[in-house]
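Colleague: Quick check, what structure comes out for this input:
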Amino acid sequence: TGSFELRAYAVSDKGDGFGHGTAEQLVRKPLSLSASTPRIGRVGDAFSCGVTLTAAPDLPAGTAATVTLGLAPATSQPAPLSLLETNRTLSLAPSQTVEV
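Modeller: Numbering: from 1, shown residues only. Here you go, the predicted model:
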């Protein structure tokens, strides 16, 4: 069991609007997956991001986990995003954190 705080900030590409939000999430699952993204991104920026996988303290040692990532574009336009890797299988120890 644990918790994490999620914060998001957004600015329109025209610079005439902005917003932010914060939420705390309680986690009771044996594995948790969190986005690992840059703190700030602007229109036109290029960056890499991934996920952080965290095992609960009571997870059995050597538990295998497969992380599968995908993109689902909201429109028929070509997505400005691409994936370098879509699947990775990991072996986790209790309380271990791994960046994927």
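
Colleague: going forward, measure contacts and count neighbours with C-alpha atoms only.
Modeller: OK.

Colleague: So for P73, what pLDDT did the model give?
Modeller: pLDDT recorded at P73 is 66.

Colleague: Might you list the low-confidence residue ranges for the protein?
Modeller: Along the chain, the parts satisfying pLDDT under 70 run over 1-2, 71-75, 78-81.

Colleague: OK, contacts around the residue most central in space within the chain?
Modeller: Closest residue to the average C-alpha location of the chain: A35 at 1.5 Å, with C-alpha atoms, centre = their mean. Taking C-alpha atoms under 8 Å, 6 or more residues apart in numbering, we find A35 in contact with 49-52.

Colleague: is it in a bridge, and if so with what?
Modeller: The residues listed as beta-bridge partners of A35 by DSSP bridges are V51.

Colleague: Ok, T89 next?
Modeller: The partner list for T89 in beta bridges (DSSP bridges) reads T66.

Colleague: A8 too?
Modeller: Beta-bridge pairing of A8, defined through DSSP bridges, involves G21.

Colleague: in terms of contact, does it touch E24 like I think?
Modeller: No. Contact between A8 and E24 fails when scored by C-alpha atoms under 8 Å: they sit 12.0 Å apart.

Colleague: one step back: write the PyMOL selection for whichever of the contacts of A35 are buried.
Modeller: Per 16 or more other C-alpha atoms under 10 Å, the buried members of the contacts of A35 correspond to this PyMOL selection:
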select buried, resi 51
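
Colleague: got a markdown table for the contacts of A35, with distance to S76 too?
Modeller: As requested, those are arranged in a markdown table below (distance: C-alpha to C-alpha, whole Å):
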| residue | distance to S76 |
| --- | --- |
| C49 | 23 |
| G50 | 24 |
| V51 | 26 |
| T52 | 30 |
